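K.L.:
sequence plus the predicted model coming up.
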Amino acid sequence: MPLVSTLIRLAAIALAFVLAALPVQASDVRVTIVEHGLYTADVKSEKRSPDGIIDTEIVNLCHYATTTTVPLKTGMHFGFRYRVDGLAAGEGVDLAKMIRFPMIAKPPGAPKPLSTIWRPMVAQAGQLHYIGYGLDLDWELMPGRWSLSIHQSERKLAEMGFDVIAGADAPAASTSESTCFKLSSL
């Protein structure tokens, strides 16, 4: 009998090693939203993409108000910070961020009107990441529901909506501790 139980234990250990060596399934990847609202940031660089959108690399991101209501004013930046879970810490995964406008717009220099921005990216598990949008140009001043989401291929992992409202006042700064942090780039 001891031989049988030893063989069963060895088989269980071997199975555990085989399962640990298998690649992580797409369904194992999760995104947890850890903070949302209005932010400030410093612009590191800007580059116009082929779709006419100016992609901005930012540093020194600071959350200053938790809200889903955004005043329709130039200079307002909104979004959310998130963490990728379900993988080993530091492991990269191919994701995409999508920003949906409340209406179709044609940015200056854009080849055609658009209602969404789709940007592929690689995100590391266990680290904080950010998706956001800044109302910096006149054509971006659109009232309505803006949607920001994170995807893995066709699977939506997280989404948050923000209502951009004309005449709304900027909310008071949140009373909690500041969540300003340094980022190399976004």
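P.N.:
Yep, that arrived.
K.L.:
tell me the mean pLDDT over the lengthiest strand in the chain?
P.N.:
Here the longest strand in the chain is taken by residue count, with DSSP state E as the criterion, and it is strand 30-48. Mean pLDDT, taken over the full extent of strand 30-48, equals 94.
K.L.:
on contacts alone, who are the packing partners of that strand?
P.N.:
For strand 30-48, the packing partners by 3 or more CB pairs under 8 Å, 6 or more residues apart in numbering; DSSP states H and E come out as strand 54-65, strand 76-85, strand 128-135, strand 155-165. To be clear about C-beta, it is placed using only N, CA and C from the backbone, and glycine gets the same treatment.
K.L.:
the third one pairs with which strands?
P.N.:
Right, strand 128-135. The pairing partners recorded for strand 128-135 under DSSP bridges are strand 76-85 (antiparallel).
K.L.:
circling back to that earlier point, export the helices and strands packed on strand 30-48 to TSV and tack on mean pLDDT and distance to residue 122?
P.N.:
Rendered in TSV, the data for those read as follows (pLDDT from 0 to 100; distance: least, CB to CB, whole Å):
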stretch	mean pLDDT	distance to residue 122
strand 54-65	91	15
strand 76-85	96	10
strand 128-135	96	10
strand 155-165	97	14
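K.L.:
columns mean neighbour count on top of these, output as JSON lines?
P.N.:
Formatted as JSON lines, the entries for the helices and strands packed on strand 30-48 read as follows, by neighbours: other CB atoms under 10 Å:
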{"stretch": "strand 54-65", "mean neighbour count": "16"}
{"stretch": "strand 76-85", "mean neighbour count": "22"}
{"stretch": "strand 128-135", "mean neighbour count": "20"}
{"stretch": "strand 155-165", "mean neighbour count": "17"}
